[in-house]
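In: Sequence isn't available, so here's the structure alone:
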């Protein structure tokens with residue numbers, strides 16, 4: 001009996017030892033794959049960090065992504081038993097929620113690595129763009145994207161699977177370090193998914209199915225208008241399978257007044273500038289870019305008889321970003337090349353009359369010719385010297401311009417339109433829940449004074465127990481030019497006029513504040529304008545109009561800011577419902593939308609809430625806090641929530 005027990009013990013010990021050996025081997029395999037995975041991630045990060053130091057080696061990225069995907073798949077296969085029981089281990093102290101989320105995280109990582117591998121594999125033969133088979137680089141790229149659509153569809157499917165897996169994870173329950181990583185990846189997924197969808201649509205948008213015609217509104221941010229600036233010129237591009245088959249750049253005078261009737265303009269243009277017809281140059285009166293783009297397309301087609309498939313709005317800052325990526329271009333023989341460092345100076349000098357000008361009328365007619373020459377030089381560089389372009393810098397610059405709302409895109413294509421709207425690149429006035437405001441300035445002074453205007457916003461909102469709020473928004477405007485007395489509304493164009501003269505003029509600003517529907521004006525500052533300060537010869541009493549537009553309540557008024565002075569425009573109002581007290585924790589959201597073309601401006605938000613509440617969480621750390629109130633501060637460089 002004793003011998004049987006000893007034998008049984010030896011067998012149990014041998015079995016346990018074997019299990020421990022197998023467990024050790026299993027853990028060793030997992031550790032090996034984990035180390036290989038970390039090494040691959042480090043190598044991939046090292047390759048990606050070289051972007052901007054030269055052309056990225058896509059073959060290296062593709063190899064690293066393929067190896068990464070293999071490591072992740074091996075880790076999933078080897079760890080299958082643990083992954084099988086992981087969803088039931090949420091009770092483990094400290095790490096339970098991380099372990100529970102492990103299967104979804106690993107599968108999501110595999111999906112993302114697959115998407116990346118497929119994308120790089122499809123793009124690798126096409127990048128950097130180059131001429132092929134007698135085609136321009138752009139046309140060759142479009143043809144390549146058309147052929148790569150099956151691969152891009154596969155990448156889209158993988159990215160969608162990854163997004164669904166990550167959305168199933170409650171990041172608030174994860175450990176802080178892991179939660180930050182998951183949130184970082186999740187934040188980038190919408191851009192990836194939308195970009196893949198746009199790439200899929202790109203061949204059609206670039207004329208692969210039929211020629212497409214787009215107009216580019218060349219907006220001057222120094223003369224700020226609602227969608228980015230006064231429309232100083234317009235370019236028309238016709239694309240056929242990616243090739244530019246027609247380019248026409250001209251002044252903003254595309255209207256056919258001699259043969260066709262025109263509608264009256266928006267009322268403020270008539271009241272303060274004396275405009276009697278709605279001309280193409282004023283098409284961008286709505287702060288909602290799709291609305292203004294449709295009006296611009298309508299007026300362009302009405303005046304010239306040419307249908308339009310889409311509208312792009314950009315200002316001089318976008319041109320500077322483009323030049324930063326493509327390098328210097330020769331615009332006119334005998335003049336220094338134009339690059340990012342001197343582009344704005346070049347524009348100022350080219351617009352101004354030369355010292356020896358004799359015929360003022362001829363100068364006025366040709367003062368914007370430099371725009372077409374510069375645009376042709378940029379396109380020529382893109383078409384003929386793709387190997388000399390810093391594509392990473394160019395891509396970053398364009399993306400920054402889209403995020404700053406200096407570059408806006410609207411197209412007729414419904415699919416592309418929906419994607420642009422999701423990304424916020426179409427400049428639509430946002431429809432959101434909670435509190436909202438958008439400040440919109442329109443220079444009605446026939447000048448370029450926005451180049452010397454600084455402004456800041458102070459917003460104070462007091463939340464009421466019923467969810468409503470009382471708010472005051474105060475804007476401080478400062479003219480940074482040298483002090484001078486008196487203002488002339490319309491400066492005549494003569495041979496002594498320079499661009500800088502128009503920059504240093506007084507500032508006529510028609511300011512609009514877009515608010516949630518139902519906002520009720522309670523008080524406002526008044527800034528009357530005398531009759532001799534307006535070209536129409538009628539005084540403005542300084543009243544604030546209240547209108548409904550784009551699903552918003554809009555307060556609007558005019559003021560004139562003299563050179564070297566400051567002015568404060570303050571509006572107080574009641575908001576019907578912006579806070580949610582339906583649960584034990586109250587919730588308040590503020591969305592601030594940036595006007596396209598406007599320079600970044602400092603914003604402070606002071607929030608005051610009912611005394612029975614205390615601040616428990618905020619997406620932005622307060623710069624000051626006390627019982628019942630807190631102040632937040634940020635620079636409005638793009639839309640903020």
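Out: Noted; the coordinates are in hand. Given the structure is predicted, the values throughout are model-derived calculations rather than measurements. Numbering: from 1, shown residues only.
In: Can you tell me the strand partners of the helix or strand encompassing residue 440 and which way each runs?
Out: Using DSSP states H and E, residue 440 sits within strand 435-443. Strand 435-443 has its sheet partners listed here by DSSP bridges as strand 507-516 (antiparallel), strand 590-593 (parallel).
In: right, and the helix or strand after the first one?
Out: Going back to what we said before, that points to strand 507-516. With DSSP H and E, the next secondary element past strand 507-516 is strand 520-524.
In: which one of the strands paired with strand 435-443 is the most hemmed in?
Out: strand 507-516 (a mean of 23; mean count of other C-beta atoms under 10 Å). Quick note: C-beta positions are derived from backbone N, CA and C, even for glycine.
In: tell me the angle it makes with strand 520-524.
Out: Interaxial angle of strand 507-516 relative to strand 520-524 (axes from the mean of the first three to the mean of the last three C-alpha atoms, to 10 degrees): 150 degrees.
In: Now do strand 507-516: distance to the chain's middle.
Out: Put simply, strand 507-516 sits 22 Å off its chain's centre (C-alpha atoms, centre = their mean, to the nearest Å).
In: Please apply the same query to stretch 365-380.
Out: So, by C-alpha atoms, centre = their mean, the centroid of stretch 365-380 is 26 Å from its chain's centroid.
In: How about stretch 79-86?
Out: 42 Å.
In: So which residues make contact with that stretch?
Out: 30, 76, 99, 100, 102, 103, 106 (C-beta atoms under 8 Å, 6 or more residues apart in numbering).
In: so which pair among those residues is furthest apart in space?
Out: Longest distance between any two of the contacts of stretch 79-86 is 18.0 Å, between 30 and 100; criterion C-beta to C-beta.
In: Of the two, give the one with the bigger neighbour count.
Out: Neighbour totals were compared for residue 30 and residue 100, and residue 100 leads with 20 against 15 (other C-beta atoms under 10 Å).
In: check which helix or strand covers that one.
Out: Per DSSP H and E: helix 96-123 holds residue 100.
In: Now that helix: buried residues?
Out: Counting neighbours by 16 or more other C-beta atoms under 10 Å, one finds that the buried residues in helix 96-123 are 97-123.
In: List the neighbours of the helix or strand just after that helix that are in contact with it.
Out: Using DSSP H and E, the next helix or strand after helix 96-123 towards the C-terminus is helix 137-147. The contact list for helix 137-147 (C-beta under 8 Å, 6+ apart) reads 125-126, 129-133, 135, 152, 199, 202-203, 206-208, 241-244, 382-383, 386.
In: Which SSE is immediately downstream of helix 137-147?
Out: Taking DSSP H and E, what comes next after helix 137-147 is helix 149-167.
In: what helices or strands is that following helix leaning on?
Out: helix 96-123, helix 176-205 (3 or more C-beta pairs under 8 Å, 6 or more residues apart in numbering; DSSP states H and E).
In: Which neighbouring elements make contact with the first one?
Out: With contacts taken as 3+ C-beta pairs under 8 Å, 6+ apart, helix 96-123 sits against helix 58-78, helix 80-85, helix 149-167, helix 176-205.
In: Could you list the low-pLDDT ranges of the stretch 251-400 of the chain?
Out: Where the stretch 251-400 of the chain drops to pLDDT under 70, the residues are 357-358.
In: residue ranges of the strands in it, please?
Out: 310-315 (DSSP state E, counting those that start in this stretch).
In: Now do the helices in it.
Out: 267-273, 289-304, 316-326, 343-351, 360-366, 369-384, 391-404 (DSSP state H, counting those that start in this stretch).
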